[in-house]
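A.B. asks: Any chance you could fold what I've pasted below:
(2 chains)
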Number of protein chains: 2
Amino acid sequence: MGKEFVKEITAMDEDFAQWYTDVVKKADLVDYSSVRGSMIIRPYGYALWENIKDELDRRIKETGHENVYMPLFIPESLLQKEKDHIEGFAPEVAWVTHGGEEELQERLCVRPTSEVLFGEHYKNIIHSYRDLPKLYNQWANVVRWEKTTRPFLRTLEFLWQEGHTCHATDEEALEETVKMLNVYAEICENILAIPVIKGQKTEKEKFAGAKFTYTIESLMHDGKALQSGTSHHLGDGFAKAFGIQFTDQEGKLQYVQQTSWGFTTRIIGAMIMVHGDDRGLVIPPKAAPTQVMIVPIAQHKDGVLDYAYELKEKLSKMARVGIDASDKKPGWKFNEYEMKGVPLRLEVGPKDIEKGQVILARRDTGEKITVAASELEQKLPGILEDIQHSLFEKAKNHREEKTYQAIEFNELKEIFAAKTGFVKAMWCGDRSCEDRIKEETGATSRCIPFDAESIAKTCVCCGKDAQQLVYWAKAY
Amino acid sequence: MGKEFVKEITAMDEDFAQWYTDVVKKADLVDYSSVRGSMIIRPYGYALWENIKDELDRRIKETGHENVYMPLFIPESLLQKEKDHIEGFAPEVAWVTHGGEEELQERLCVRPTSEVLFGEHYKNIIHSYRDLPKLYNQWANVVRWEKTTRPFLRTLEFLWQEGHTCHATDEEALEETVKMLNVYAEICENILAIPVIKGQKTEKEKFAGAKFTYTIESLMHDGKALQSGTSHHLGDGFAKAFGIQFTDQEGKLQYVQQTSWGFTTRIIGAMIMVHGDDRGLVIPPKAAPTQVMIVPIAQHKDGVLDYAYELKEKLSKMARVGIDASDKKPGWKFNEYEMKGVPLRLEVGPKDIEKGQVILARRDTGEKITVAASELEQKLPGILEDIQHSLFEKAKNHREEKTYQAIEFNELKEIFAAKTGFVKAMWCGDRSCEDRIKEETGATSRCIPFDAESIAKTCVCCGKDAQQLVYWAKAY
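C.D. replies: As a prediction, this is how the structure comes out:
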C-alpha cells in the first residue's frame, strides 16, 4: 500500500512544477476553492505559517517595533498620491465599486500594500523629532490581481507582515533597512534552513516608490531563484507626497526618511522547493508543526499504547510531539508523515519495549537510529539540531553547485540554455543590458550582492566598463 | 498642566457617546483615516487585542480546534447558495467588480463571514464518519457595509475569529455550541472582568441561516446592552445547501451538523464602556498591555533612574512592566497612564529609595499604597489580582443595580422611558410582541437566559400565556 501512496506524486525530475502542485495538496497544506487564484490554507499549512509568524513577530518586537492594524481598503485618490507607487500597483489591484446596494462615489482598492495608509497616518501623528522614530509593523492579508497563480508562490491574496518606519535621518533609515533584511535572512537561514544571498535590487527591479530595495534571494531545487524577503529604503518620496514633516532639534521643518519591508506566505513555497524530495515535504525541525511523530507498532498489544502516550508526554517537554494511534496500518502512517515532512518518526512496538529502546527514522536522510529509551530525552534535542543543520548545509551545497559565473555574453547564454542556477556576471549598470539579458536568456537580475567580488572589468553584455557584480537567474 | 489634560475628555454623564469617542482617541487606541467607517488600530489598541487574541486562541486550541485561512473574496454565486444567509448579508457586503483594468465576469464580495467558504471546503474534505468532527477556526478581517460607524463597536471592517465545525450528530453540535459560548463567557469574565448573561437569541435576532443562536450579553456603564459573542447551531441547513455528507458507521449517507461562532474587536468597545471613567480607560490587569507603569520622581537625581530600571527588570518576571523615563513632568505622566487605564502606577523617588519603599497607585480606586521595596515582588501579584476581582465585582453590581423587571406592558414602557438597563419580562414567543416592544420602547430582546426564572404567567406585551423570560434592553 505504501508504495502506491508515494506514487501519487509526480517525480521532481520528471516535472518539477507538477511535483510542487502535488506536494502542497497531498501534504494537506492547501486546498482550492471556487475563488480563482486564492488558496485555502489548511491546518497543517497554517500551523507552519504560525510557527514562522511567531518567530518573526518576536524578532520584530525585540527590535523595538510595535504592531498596528490599518484598513483593508484604500480610496483611489489616496493610492494616487505617490506617482511611482500608483504606476507600479494600479494594474494589479482589485476594485470595490459597490457597498450593499449602493454604488460608491469613489472606488476603493483592496490594499496591495499599505504605504499610502501609513503615509496618511504618519502625517497625523508625527510633528516633532520627539515623535521619531516610529517603528510600526502590520500582519495582514493583501491582494494583487495576478493572472497565473500557484499556491504560496503567487496568489491573488496572500498573508504577510509589512513594516513601515519613519526616521529623522537618512542614516537611521538605512540602518533600519539593513537591520530588517538581516532579520529576514536570519529567519530563513536559522529557522527554515534556507541559505540566502543578501543584496540590492537594480533600479528596474526595485519597489515602486522606493529609493532602493534590499533583497534576500534563495535558490530552489530546480535551480530557479526566489525572492524571499525585501526591505526598502523609501527616502523622502512618500514623506513629500503625504507631507510627513517634523520639527528637528534646531526648530527646522524636515521631511522624515522612511522604510518598508515585507515577508510573506511565499516563504512556505521556498521551504517546499528547497528541502522537498520525491517522497514529499521535508520540514526543518525549527519550523515543523510536529517535530516527532510517534507511530506505535502492534498497538493492539498490551501496554504498547500506554507506553507510547507516556513517551509523548515525556518528550513534549522538549519538542513538538504527535502520536498517531489511529487504526491505519503503520506503513500508511509512515508514508503520511513522510509526505508531510515530519523531521523524525519514532517507532515503538512490543519488542522495542522489551529491549528498552525506540527507533528514530530521520525524514531528511532516511537513516534509522536505535536509541535506548533511557537516553532518549538526552539525545533528542541533538538529533533535531543535527537535522536542522544538515538541511541547511545540503541546501547550501546545492546552491554552490548551481552557482556559475560568466565573463562573456556567449558564456552567459550557453549557461542559461543548458542549466538553471545563479550566474554571477559583471554589469555596466545600464537598463538596456539588463533588458537584453532577460530577452536573450530569460534570466533577471536577482541582486547586487553586498559582499561584492569583481570577476571581470567589463559588462557581460555590452563589454563596457563594469560597475557591479550581479547574480542573474531565472526566477519564480 | 495635569488638569488640562484630563479636561480634554467629555464627562461620561454629560455625553456618554462623546466620552467614548474622546477616550478611544486620547488613549491612543485608534485613529481615523480617509477610509470611511474603518479605523486604524494603533499600537496600544492592537497590543490589547493581541492579549485578548492570545488568551482566546489558546483556549480554542486547547478545546481541540485547528486554525485555517480561507479566501477574502466570495463569488456571488457561492454566497447565494444558502437562502436565509444571502438575504441576511446581501444588503451589507462590499462588491469587487474589477481586477486591475479588467471587469470581472462574476462579482466577488468581500467576506462578511465565511460560512459558505467553509461549506464548500467541507464538502471536499468530508466523506466518512472518520473525517468527523472537523473543528476549524479562522482569525481574519471581515467587512460589513455599515452606514453609521463607531470605533470597535461598529466598523466597516473588523477583526475577529470565526469557528466553523462539522459533527456527526445534532447532540455533538449542540455540545460544541455550548462549549464555545462558555469559552467566550470565560474570556469576558476572567480576562476582561465583564460579567455576562448567557442565553439564546429569539428567532428574529438569530444569525442568518442558523437553527438557533446562543449569545453572551453584557451591560455598559450607560445601561445599554452589548452583544459580546455569539455561537450558532447551524443544524444541517448549510450542509444541505452545499451537499456536505458523510457515510456513517452503518454505511448510511448523512448530512453533517454544523456550528459557527465568533468573537470580535467589538469586545474592546465593551471593555471601555464597562470599566472606563471620567479620567479615561480602565483596563483589567489580565488584558492590560502594561500592568505596572513605573514613573520615576526627580529622576535627574543620582541613582533614581538606575533604581527604577532595576525595579523594572525585577518585576518583569511577574508582570508586564513599563517605565517612562522621558523628560515629561511626572504629573503629565500620571495623567497619560490614567487616560490609558494602566492598572497600577509605581512611583519611586529619592525619598522612597531612602525609606526603602515605593508608592503604588491603583487606577481603579485611586488608592495609593506604600509598599516596602523588599516586599514588592511578594505583594504585586496579589494587588493585580485584587484589581481584576474588584473590577468584575463593580461591573456586576452595576449590572444588578440596572436590572429591572416588568410584569405589565405599562411598567415596561415606564422603565424604558425613565431608565436604561436590562429589563426582565415574560414573553409569549410571538414575533409581533417582540416587534411592538421594540417600536414602543426602543428595546430589543437580548436573550432568553439559560438559567430561566418565571416571574409571571403572561406575556408582558399581549397578556397571553408566557413561554419564556427574556432580557430586554436598548443595545449597541
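A.B. asks: show me the residues around residue A:259 that make contact.
C.D. replies: A:163-165, A:167, A:173, A:176-177, A:180, A:231-234 (C-beta atoms under 8 Å, 6 or more residues apart in numbering or on different chains). Quick note: C-beta positions are derived from backbone N, CA and C, even for glycine.
A.B. asks: pretty sure it is in a strand, no?
C.D. replies: Yes - counting by DSSP: H, G, I helix; E, B strand; the rest coil, residue A:259 is located in a strand.
A.B. asks: Specify the beta-bridge partners of it.
C.D. replies: Counting by DSSP bridges, residue A:259 is bridged to residue A:165, residue A:233.
A.B. asks: would CSV of the contacts of residue A:259 with neighbour count and pLDDT be doable?
C.D. replies: Listed next are those as CSV, based on neighbours: other C-beta atoms under 10 Å in any protein chain shown; pLDDT from 0 to 100:
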residue, neighbour count, pLDDT
A:163, 24, 98
A:164, 28, 98
A:165, 27, 98
A:167, 21, 98
A:173, 24, 98
A:176, 26, 98
A:177, 29, 98
A:180, 28, 98
A:231, 28, 98
A:232, 28, 98
A:233, 25, 98
A:234, 27, 97
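A.B. asks: any idea which of those is the one closest to chain B?
C.D. replies: Nearest to chain B among the contacts of residue A:259: residue A:164, at 11.9 Å, using C-beta to the nearest C-beta.
A.B. asks: Tell me the pLDDT of the residue lying closest to that closest one once chain neighbours are set aside.
C.D. replies: Excluding the flanking residues, the one nearest residue A:164 by C-beta to C-beta, 6 or more residues apart in numbering or on different chains is residue A:118, at 4.1 Å. Per-residue pLDDT puts residue A:118 at 98.
A.B. asks: Going along the chain, name the helices of the stretch 301-450 of chain A.
C.D. replies: Here the stretch 301-450 of chain A has its helices, by DSSP state H, counting those that start in this stretch, at A:304-315, A:330-339, A:350-355, A:376-401, A:409-418, A:431-441.
A.B. asks: and those, which is most packed in?
C.D. replies: Mean neighbour count (mean count of other C-beta atoms under 10 Å in any protein chain shown) peaks for helix A:330-339 among these, with a mean of 20.
A.B. asks: Give me the distance from it to the chain's centre.
C.D. replies: 27 Å (C-alpha atoms, centre = their mean, to the nearest Å).
A.B. asks: confidence score at residue A:71?
C.D. replies: Confidence score, pLDDT, at residue A:71: 98.
A.B. asks: For it, which residues are in contact?
C.D. replies: With contact set as C-beta under 8 Å, 6+ apart, residue A:71 has these partners: A:111, A:117, B:33, B:35, B:38-40, B:156-157.
A.B. asks: from those residues, which single one is nearest residue B:446?
C.D. replies: residue B:156 (24.7 Å; C-beta to C-beta).
A.B. asks: Does that closest one touch residue B:150 like I think?
C.D. replies: No - using C-beta atoms under 8 Å, residue B:156 makes no contact with residue B:150, being 11.2 Å away.
A.B. asks: Now the residue of the stretch 301-450 of chain A found nearest chain B: closest residue in space that isn't a chain neighbour?
C.D. replies: Closest residue of the stretch 301-450 of chain A to chain B, C-beta to the nearest C-beta: residue A:326 (8.4 Å). Closest residue in space to residue A:326, ignoring its immediate chain neighbours: residue A:333 at 7.6 Å, by C-beta to C-beta, 6+ apart.
A.B. asks: of residue B:156 and residue B:150, who's got more company?
C.D. replies: Neighbour count, other C-beta atoms under 10 Å in any protein chain shown: between residue B:156 and residue B:150, residue B:156 has more, with 24 against 16.
A.B. asks: per-residue confidence for that one?
C.D. replies: 95.
A.B. asks: contacting residues around it?
C.D. replies: By C-beta under 8 Å, 6+ apart, the residues touching residue B:156 are A:71, A:73, B:35-38, B:94, B:143-146, B:149.
A.B. asks: please redo it, this time with the cut-off set to 7 Å
C.D. replies: B:36-38, B:143-146, B:149 (C-beta atoms under 7 Å, 6 or more residues apart in numbering or on different chains).
A.B. asks: can you pull the pLDDT of the most far-flung residue of chain A relative to its centre?
C.D. replies: Centroid-distance maximum for chain A: residue A:302 at 45.9 Å, with C-alpha atoms, centre = their mean. If you check residue A:302, the pLDDT there is 94.
A.B. asks: Tell me the spacing between it and residue A:350.
C.D. replies: Noted for residue A:302: a distance of 8 Å to residue A:350, by C-beta to C-beta, to the nearest Å.
A.B. asks: that older thread, so the residue nearest to residue A:164 touches residue A:163, yeah?
C.D. replies: No - at 9.7 Å, residue A:118 does not count as touching residue A:163 under the criterion of C-beta atoms under 7 Å.
A.B. asks: which stretches of chain A aren't confidently modelled?
C.D. replies: Scanning chain A for pLDDT under 70 picks out the ranges A:1-7.
A.B. asks: for it, which residue is closest to the average position?
C.D. replies: Geometric centre of chain A, nearest residue: residue A:267, 2.0 Å, by C-alpha atoms, centre = their mean.
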